[in-house]
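K.L.:
What shape does this take:
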Amino acid sequence: MPSSESRVPVVVDNVKHLPDFSMTRCTYLVIQSPLPLPDWSLGLGPARIPILMLGLSAVITGPPEGGSGLFDTPDVLQSLVDLVEGNDAGLLFDMEDLWIPTGCFPSAQGPERGSVFRIGWELFSLAYGFRQGLVERESFVARCEEHRETVVFSEAETWALRSWTEGLIETARERHHREAESYLARRDRGASPVLPA
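P.N.:
Numbering: from 1, shown residues only. The predicted structure is shown next:
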């Protein structure tokens, strides 16, 4: 089996079961920058070529070096976000989406919203081409069948993503309650209300 780094983690977002469209929309993690990025280099074998990066969009296939190679804890996910967005290089952590035929997913787990699967890069490349309008649907579905064995459910990453998301929601709720209480206290004292930023 290929390593986890040669497979792209995708998160099930929506499953469509229409008569002529049985597809699953998945999201995947990317690092992007809309700005030119100076002082980069491109490694080609032993050679390193200095470049000015224009329009970076990179698919994230695993966490920073070390560990299991999987996003298997909420802390691993959060540290990736902190690393990318805390960098002074102007990088952004984001998600993009693509469609995968629902029949490609293992039937035991099935594509359930929030589940994480690892897919082979060939299938990812086909799905990306379909998303970009480069591949006709009939051809896409037929070609995906050849790569369905590369779709593997990732139980650890599914748990980690769900736990990380629940933590973000709880943090947002706590912040909302603190800011609402602060706003009400100022209002009760007769101070001019200042809405939270």
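K.L.:
Quick check: bridge partners of the residue most central in space within the chain?
P.N.:
Nearest residue to the geometric centre of the chain (Cα atoms, centre = their mean): Leu29, 2.4 Å. Counting by DSSP bridges, Leu29 is bridged to Met95.
K.L.:
and it, what does it touch?
P.N.:
Pro9, Val59, Ile60, Leu80, Phe93, Asp94, Met95 (Cβ atoms under 8 Å, 6 or more residues apart in numbering). For every residue, glycine as well, the C-beta is placed using N, CA and C.
K.L.:
cool, Ala89 as well?
P.N.:
Ser33, Leu37 are the contacts of Ala89 under Cβ under 8 Å, 6+ apart.
K.L.:
Show the pLDDT at it.
P.N.:
You'll see Ala89 listed with a pLDDT of 77.
K.L.:
go on, Leu18?
P.N.:
Taking Leu18 on its own, its pLDDT is 85.
K.L.:
so where do the strands sit in the protein?
P.N.:
7-18, 21-33, 37-44, 47-53, 56-59, 92-101, 116-120, 152-153 (DSSP state E).
K.L.:
what about the residue nearest to the centre of the chain, distance to Phe21?
P.N.:
Note on Leu29: its distance to Phe21, by Cβ to Cβ, to the nearest Å, is 26 Å.
K.L.:
What count of nearby residues applies to Val141?
P.N.:
20 (other Cβ atoms under 10 Å).
K.L.:
typo on my end, it should be Ser125
P.N.:
The number of residues near Ser125, taken as other Cβ under 10 Å, comes to 14.
K.L.:
same check, this time on His176
P.N.:
Quick note: His176 (other Cβ under 10 Å) scores 11 neighbours.
K.L.:
Over to Pro38?
P.N.:
10.
K.L.:
pretty sure it contacts Leu52?
P.N.:
Yes - at 5.6 Å, Pro38 counts as touching Leu52 under the criterion of Cβ atoms under 8 Å.
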